[in-house]
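A.B. asks: The following block contains a protein sequence and its predicted model.
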Amino acid sequence: MKLLILGGTRFVGRHLVDAALSRGHEVTLFNRGQTNPDLYPQLEHLQGDRDGGMQALEGGSWDAVIDTCGYVPRLVKASAELLASAVEHYVFISSISVFADFSQVGMREDAPLGRMKDESIEEITEETYGPLKVLCEQAVEAAIPGRALIVRPGLIVGPHDHTDRFTYWPQRIAQSGETLAPDDPKTPVQFIDARDLAEWTLRMVADKHTGIYNTTGPKNRLSMGELLETSLKVTGSEATLTWVEAQFLLDQGLEDWSDLPVWVHEQESVGVMQVECSKAIAAGLSFCPLADTIRDTSAWADTRSDDYEWQAGLTRQKEAEVLKARRGRAK
């Protein structure tokens with residue numbers, strides 16, 4: 001296949017490129033040339049900006065386009081309309097953040113979606129991210145009706161993840177010592193290895209599948225305790241886990257998801273980690289072993305510089321302060 005990838009040099013995009021090349025596909029990249037510009041020198045690079053600078057795409061022709069970096073409906077609309085006659089298939093990487101009510105567990109693809117009160121707003125915030133993705137999905141389908149595949153991942157993890165929302169745990173546990181673990185080890189968690197997402201997406205493109213799919217995992221229920229215990233086994237660490245109740249963590253000013261990645265505890269958010277993905281699984285979505293994701297993510301993280309500034313997780317100092325305070329309260 002001839003594939004056009006919008007983005008392609010950061011995290012999910014580069015995993016898509018790697019998977020496509022391993023399958024022998026011809027890949028063209030379109031991006032601004034600002035992130036990892038030296039990657040894939042063997043590929044055709046079209047440079048431009050989605051905001052009024054897409055001239056490099058004019059006159060091209062591809063079997064499919066995979067849009068990895070669409071966040072603003074106006075820009076996604078412009079991209080889809082420009083490419084409507086240039087591609088047979090448009091794949092839009094969306095998000096499970098599109099759903100309106102995350103207090104609900106087991107949401108399927110047809111669950112109610114979030115809405116923007118003012119659809120002219122383009123600023124991406126925690127509140128607008130999901131509703132903006134909804135409008136992006138709608139823009140794609142309007143521009144290319146019946147030829148769009150909408151992929152809704154949950155938390156995406158694995159090597160090259162610049163958010164550290166998963167990487168924190170195997171790296172922290174590998175450092176050994178007393179490790180703060182959040183609340184209840186039975187808390188359900190969901191995420192998908194970017195490599196699994198890429199492989200499945202390319203299979204769906206090859207078979208010309210359309211429609212909307214929730215894509216997170218794993219297939220069977222996974223808990224926070226299993227994630228951390230597997231990290232202990234994979235890293236060979238002698239770390240000890242100290243599970244601290246949610247209210248105490250909140251009283252210490254800690255936040256789920258950012259200070260303590262993967263963990264979600266608020267009742268209005270529990271659905272984030274319990275989305276129904278049986279449709280994608282029936283369409284062939286599969287998951288590599290958790291141990292592989294942990295091992296490979298940790299090995300990649302080890303290649304980063306010693307002065308790397310972490311984007312999520314606790315500093316060792318803050319962790320020690322909270323654990324000390326917890327011990328003090330227990331006396």
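C.D. replies: Nice, thanks for sending it over. Numbering: from 1, shown residues only.
A.B. asks: make it CA atoms for all contacts and neighbour counts henceforth
C.D. replies: OK.
A.B. asks: CA atoms only: put stretch 207-226 into PDB for me.
C.D. replies: C-alpha atoms of stretch 207-226 as PDB (Å, rounded to 0.1, in the frame of the first residue of the first chain):
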ATOM      1  CA  ASP A 207      -8.700  -4.800   4.800                       C
ATOM      2  CA  LYS A 208     -10.400  -1.400   4.300                       C
ATOM      3  CA  HIS A 209     -12.400  -1.500   7.500                       C
ATOM      4  CA  THR A 210     -14.400   1.600   8.400                       C
ATOM      5  CA  GLY A 211     -16.400   2.700  11.400                       C
ATOM      6  CA  ILE A 212     -15.600   3.500  15.000                       C
ATOM      7  CA  TYR A 213     -13.600   1.300  17.400                       C
ATOM      8  CA  ASN A 214     -12.600   1.600  21.000                       C
ATOM      9  CA  THR A 215      -9.000   0.400  21.200                       C
ATOM     10  CA  THR A 216      -7.600  -0.100  24.700                       C
ATOM     11  CA  GLY A 217      -6.800  -3.200  26.700                       C
ATOM     12  CA  PRO A 218      -5.800  -5.800  27.700                       C
ATOM     13  CA  LYS A 219      -8.500  -8.300  26.700                       C
ATOM     14  CA  ASN A 220      -8.900  -9.500  30.300                       C
ATOM     15  CA  ARG A 221      -9.300  -7.300  33.400                       C
ATOM     16  CA  LEU A 222      -6.000  -5.900  34.700                       C
ATOM     17  CA  SER A 223      -5.500  -4.300  38.100                       C
ATOM     18  CA  MET A 224      -3.000  -1.700  39.500                       C
ATOM     19  CA  GLY A 225      -1.600  -4.400  41.700                       C
ATOM     20  CA  GLU A 226      -0.900  -6.700  38.800                       C
END
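A.B. asks: and it, how far from the chain's centre?
C.D. replies: 12 Å (Cα atoms, centre = their mean, to the nearest Å).
A.B. asks: So for it, what gets flagged as buried?
C.D. replies: 208-210, 212-218, 222-226 (16 or more other Cα atoms under 10 Å).
A.B. asks: For stretch 79-86, give me every contacting residue.
C.D. replies: 50, 54, 57-62, 90, 139-140, 143-144 (Cα atoms under 8 Å, 6 or more residues apart in numbering).
A.B. asks: Determine which two of the buried residues of stretch 207-226 are furthest apart.
C.D. replies: Lys208 and Gly225 (38.6 Å; Cα to Cα).
A.B. asks: for the buried residues of stretch 207-226, which one is nearest His160?
C.D. replies: Of all those, His160 sits closest to Thr216, with 18.0 Å by Cα to Cα.
A.B. asks: Thank you, goodbye.
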